[in-house]
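S.K.: could you look at this predicted model? Sequence included:
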Amino acid sequence: RSAGAGTGGDALVVQSGGSISATALDVLSEGRGGALVQSPFFDSPAPIPGVGRGGTARVTLSGGDMTLLGALSIAATAIGGAGADATGNSASATATAGAFADNSTGVAELLMPFGSSGASLTAASTSVSATAKGGAGGTDQLTGTVLAGGDALAGTARISLADGAISLGATRVDATATGGAGSTGGNATGGTAAFLLTDSLAAPATQRQTGALTLTASPIGGAGTTANGSATPGTTKLTVRAGRASSALVVNGNLAADAMGTVLAGDGFTGNLGGVPVQVNGDFTVATTHDINMSVDAGGGINATGLIGLAGQAITTTGTGVLSAALTASVQAATAINLGGLSAGQATLLQAIDPATLAPGPVSVASLSSGQPVTVLGSSVTIGSPGTLTFASASAQGGDLTITTTGDLIMPDTATTGSASLTAGGALHLAGTLSAANIALAAGTDILADAALTTLGTFSALAGGTYTGAVALTVPGNTAIDAAGGIALPSLDS
């Protein structure tokens, strides 16, 4: 015997003009697999529960005004049927496992199509979700055996906006999945959670705000008495390409994205930011066990009044736009960091190291600004800055260390297994020791070395002002020191 599958249909709200005013709006397409509630089953096969499949839930607003005093909720949900319990003295009395929650074709969407400049949406809060929950496994009450939980696969939850006005309140886009509980927990796989704002008009609406904005695609494997289910993260996406500066997106709260779970190849977060910055009145954080990839156009990026925290496998931003935080910036990757522009009003942490193997990876930042000291750790380090930088710690454990600033540069104890190239448009101050295969120093004004400089090869220094070394310098290879203001060294052996 089998219970029936449950498949959600289409739940659609379409507005092209006029006005809608309501306390709240709840749009739901739910597919719930069948399960017989007569349990336990005695001396007969227990029924097999049904698969749950989500449908489509969508609100489309191309014109007119929609005002909700409370919440806007749009959900496409898949729920697998629960396995049945069984009891009795017959071998035919068999419990059944939880059913699959398959939301792979489920879509929950808030949509403003291209050209919706006359549309306006106001809600106290907004939730768009395409979640899945696997059924729990049944129990054979005679033997105590628990059957497996059902797997769960989330769908696509998406806010897709163009040209219209929005005031969404606290906003959550959810593509999570939860495996069913059982002897072996059900495997859970996240879907796609996306916030997409792409204007097609030169003069779109100017009211663009949300409260705290959360994108989540982190699944939870089902709890198991013998083994928990796996958790494979989905993908989060953020696209903001406002048509003009007065139409910028403002997030009044934290902007957070997460896609955590098993470490696998692929993107856990993709960002596409146009030439108008996103104003975040809070923190901007991304956490994933996959990669982070962002394109940031010139003039655009993120302006956060709080901190910036990025954590993933490989973390990459392309373009000359800047991710800017009034407070700290932390970028922690398991394999590699390659950033275009990053700015922090306070301290900056750049770290590429695999937490399992402790193997370092390369770190590269084309344009770094930091109001307080920088800590960097990688296999190789390449950093450029449009201003002054002070480092709290700098280590390249498998390659070269290259730092270039247009202003002053202050370095602590510094070590690299490769060559060190330190260039400052202003003064270069080596406040600690420096150890490298080869050393090349340059400054627009003075170079000051307070401690020992150790090289296995060559040494060069070019100063527009003076070169002052507090400790005798010994160089195995070629040495060249050129200082327009003079050279002061206890001794030089080359």
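M.R.: Here it is on my side, so go on. Numbers count the residues shown, from 1 in each chain.
S.K.: so where's the protein uncertain?
M.R.: Along the chain, the parts satisfying pLDDT under 70 run over 1-3, 36-46, 88-93.
S.K.: and with 80 instead?
M.R.: 1-4, 35-47, 86-94, 141-143 (pLDDT under 80).
S.K.: center of it, which residue is that?
M.R.: Central residue of the chain (C-alpha atoms, centre = their mean): V286, 2.7 Å from the mean position.
S.K.: what's next to the helix or strand containing that residue, contact-wise?
M.R.: According to DSSP states H and E, V286 maps onto strand 284-288. Contacts with strand 284-288, where a contact means C-beta atoms under 8 Å, 6 or more residues apart in numbering, come from 233, 236, 254-260, 268-269, 292, 302, 304, 306-313, 323, 325. In this view, the C-beta of every residue, glycine as well, is placed from N, C-alpha and C.
S.K.: output that strand as CSV, nothing but the C-alphas.
M.R.: Extracted in CSV, the C-alpha atoms of strand 284-288 (Å, rounded to 0.1, in the frame of the first residue of the first chain):
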residue,chain,number,x,y,z
PHE,A,284,27.6,42.9,5.4
THR,A,285,28.4,39.2,5.9
VAL,A,286,28.7,36.1,3.7
ALA,A,287,29.4,32.6,5.0
THR,A,288,29.6,29.6,2.8
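S.K.: after it, which helix or strand is next?
M.R.: strand 291-296.
S.K.: tell me how far the helix or strand just after that next one lies from the chain's centre.
M.R.: Counting by DSSP H and E, the next helix or strand C-terminal to strand 291-296 is strand 301-304. Centroid separation for strand 301-304 versus its chain: 14 Å, with C-alpha atoms, centre = their mean, to the nearest Å.
S.K.: quick one: list the elements packing against strand 301-304.
M.R.: For strand 301-304, the elements it packs on are strand 278-280, strand 322-325, judged by 3 or more C-beta pairs under 8 Å, 6 or more residues apart in numbering; DSSP states H and E.
S.K.: mind putting the ones you listed into CSV with distance to A483 and mean neighbour count?
M.R.: Listed next are those as CSV, based on distance: least, C-beta to C-beta, whole Å; neighbours: other C-beta atoms under 10 Å:
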stretch, distance to A483, mean neighbour count
strand 278-280, 46, 23
strand 322-325, 35, 24
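S.K.: which one of the ones you listed lies closest to V381?
M.R.: strand 322-325 (18.7 Å; C-beta to C-beta).
S.K.: quick one: the residue nearest to the centre of the chain from D354, how far?
M.R.: Separation of V286 from D354 (C-beta to C-beta, to the nearest Å): 19 Å.
S.K.: same deal with A188?
M.R.: In this view, A188 and D354 are 25 Å apart by C-beta to C-beta.
S.K.: again, but for G138
M.R.: On the measure of C-beta to C-beta, G138 and D354 end up 41 Å apart.
S.K.: got a list of contacts for the strand or helix carrying D258?
M.R.: Element membership of D258, judged by DSSP H and E, is strand 255-259. Strand 255-259 is contacted from outside by 190, 193, 212-218, 233-236, 238, 268-269, 278, 280, 282-290, 302, 304, using C-beta under 8 Å, 6+ apart.
S.K.: C-alpha coordinates for that strand, PDB please?
M.R.: Output of strand 255-259 as PDB, limited to C-alpha atoms (Å, rounded to 0.1, in the frame of the first residue of the first chain):
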ATOM      1  CA  LEU A 255      22.800  42.200   4.800                       C
ATOM      2  CA  ALA A 256      23.700  38.600   5.400                       C
ATOM      3  CA  ALA A 257      24.000  35.500   3.100                       C
ATOM      4  CA  ASP A 258      24.800  31.900   4.100                       C
ATOM      5  CA  ALA A 259      25.200  28.600   2.300                       C
END
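S.K.: partners of it in the sheet?
M.R.: Strand 255-259 has the following strand partners under DSSP bridges: strand 213-216 (parallel), strand 284-288 (parallel).
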